[in-house]
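# Sharing a sequence plus its predicted fold:
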Amino acid sequence: MLIVVFLLPTLASRAYGELRQPQKIKTFLWKSCKAALPTKASLVRRKLGTDSLCPICGREDESMEHLFLLCHGPKLVWSGSKFQWNKGEASGNLKSLKRCIYLKLDQVPRSEIIVEQRQFWQNCLVAVLIDDGHVKEEQLAGSINKYWLMQDQVRVVGRKKNTFVLEFNNPFDMNFMVEEGPWEVQNKLLVLDHWQPNVILDEYKVVSFPLWVEFWGFPLEYYSSYVAEHVGELVGEVVQVDFSDQGFRNLRYLKVRVNIDPSKPLLMGFYVLLDNGRAIWI
Ligand SMILES: [Zn+2]
C-alpha cells in the first residue's frame, strides 16, 4: 500500500480513480500524498494539539517522515515487504523515500502491470505507410475495413506520424495481414508487422518487408524455380518462389517473394545474356 502513497503525487487524479483499492484506502493514500494526514506534528502546527511526540517510540515528533520511514514500527513493516533498502538509500525525508521506491518499482509491481498491458498489445499490428504524405486515421481505418474484407472490424488504436497501431479482434485476420502484406492503401505501401514488447513508436523503423516481384520477358526454357530464385536474389533475400511446372503453367512471368530493404533503391531491371549472344532486358 505504501508503494502507491508516494507514487500518487506524480500520477494524475485519473490514475487515483483507477486504483483498485477500497475507498477508505484511497482516501488515506490521497491524504498522504497531499501531506494532509493528521500526524501529531501537523496537529500541533495547526494549533489543534500540544503534544507532537510519536506515540510509538516517544522519541521524536510524529511527522510524515517519522511515521513512514524513521520510527521502528514502520521499519518493521518495510522489512517484511518486497521493498527493502539499506540505510544509505533513503536519507530520511519523503523526497528520497519516493526516489527509492521508484527504483524498487523496477523489480516487482511494474512488471505485473506491464504483463497485463501486453495482453492488449498482442492483438495489435504496427503498420507503417511508406510515404511522406499525411493519411488521416479515419481514412486508413475506412480503407482497411472496406477493401480488406476481414472477418472482424479492425480499429486504429493510435498513430505517430505515419506509423499506426491497428487492433484486431480476430487472430486469423491479423496473421493474414502480416503474411500477405505489404498492402496498398490510398496508393501508398502499408507495411505491417506484429507488435513486439518494448517497441517505441518514435524509433520504429521498417528494416525489411516481403514483396512479390515479377520478372517478365524470359525465354520459355528460363521458366524454372532455379532461375526464379536466382533473379530474386538480385532484388533481395528470397523468401518464396511461386513456380510450378505441373499442369497449366504461368508463362507470363516468374514470381518471387523477396525481403526488401526500404532504405535501398529498388532494382528496376537487369540484362540477361542469352546463349545465342543476345542480351535481353528483364
Ligand atoms: Zn516513533
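Yep, it's here.

# Would you indicate which residues of stretch 118-125 are buried?
The neighbour-count check on stretch 118-125 (16 or more other Cβ atoms under 10 Å) flags 121, 123, 124, 125 as buried. All C-beta atoms are positioned from the backbone trio N, CA, C, and that covers glycine.

# same check, this time on stretch 273-282
By neighbour count on 16+ other Cβ under 10 Å, the buried set for stretch 273-282 is residue 282.

# Next: stretch 170-190.
For stretch 170-190, the neighbour count (16+ other Cβ under 10 Å) marks 173, 174, 177, 178, 181, 182, 183, 185, 188, 189, 190 as buried.

# do the same with stretch 241-255
Within stretch 241-255, the residues that qualify as buried are 241, 243, 253, 254, 255, counting by 16+ other Cβ under 10 Å.

# Pick the one among these closest to the ion.
residue 241 (77.2 Å; Cβ to the ion).

# Just the CA trace of the helix or strand harbouring that closest one, in CSV.
Residue 241 is part of strand 237-242 when elements are defined by DSSP states H and E. Taking Å, rounded to 0.1, in the frame of the first residue of the first chain, the C-alpha atoms of strand 237-242 are listed here in CSV:
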residue,chain,number,x,y,z
GLU,A,237,16.6,-12.1,-49.8
VAL,A,238,14.3,-14.8,-51.4
VAL,A,239,11.5,-16.0,-49.1
GLN,A,240,9.4,-17.9,-51.5
VAL,A,241,9.3,-18.9,-55.2
ASP,A,242,5.9,-19.1,-56.9
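
# Now do the SS call for the nearest residue to residue 239 once chain neighbours are set aside.
Nearest residue to residue 239, sequence neighbours excluded (Cβ to Cβ, 6 or more residues apart in numbering): residue 257, at 4.6 Å. Assigned state for residue 257: strand (three-state reduction, DSSP: H, G, I helix; E, B strand; the rest coil).

# Would you quantify the distance from residue 257 to the ion?
Using Cβ to the ion, to the nearest Å, we find residue 257 at a distance of 71 Å from the ion.

# now what about the host helix or strand of residue 114, what contacts it?
Taking DSSP H and E as the criterion, residue 114 maps to helix 109-121. Helix 109-121 has contacts (Cβ atoms under 8 Å, 6 or more residues apart in numbering) with 3, 165, 167, 195, 197.

# From the chain's centroid, how far away is that helix?
Between the centre of helix 109-121 and the centre of its chain there are 11 Å (Cα atoms, centre = their mean, to the nearest Å).

# Parallel or antiparallel, which strands does the one helix or strand residue 214 maps to pair with?
Element membership for residue 214, per DSSP H and E: strand 209-216. Each strand paired with strand 209-216, and its direction, by DSSP bridges: strand 253-260 (antiparallel).

# contacts for the strand it pairs with?
Strand 253-260 has contacts (Cβ under 8 Å, 6+ apart) with 208-216, 218, 222-223, 227-229, 231-233, 235-243, 266.

# Could you do stretch 265-274 as well?
218, 219, 222, 231, 234, 235, 260, 279, 280, 281, 282.

# Nearest to residue 54 among those?
Set against residue 54, the nearest of the contacts of stretch 265-274 by Cβ to Cβ is residue 260 (69.6 Å).

# Can you check the pLDDT for residue 4?
pLDDT for residue 4: 39.

# ok, the residue in the stretch 151-282 of the chain that the ion sits nearest to - how many residues close by?
Nearest residue of the stretch 151-282 of the chain to the ion: residue 198, at 43.1 Å (Cβ to the ion). By other Cβ atoms under 10 Å, the residues close to residue 198 number 6.

# Next, work out how far apart it and residue 168 are.
Distance, residue 198 to residue 168, by Cβ to Cβ, to the nearest Å: 20 Å.

# for the stretch 1-150 of the chain, which spans come out with low pLDDT?
Scanning the stretch 1-150 of the chain for pLDDT under 70 picks out 1-35, 78-111, 132.
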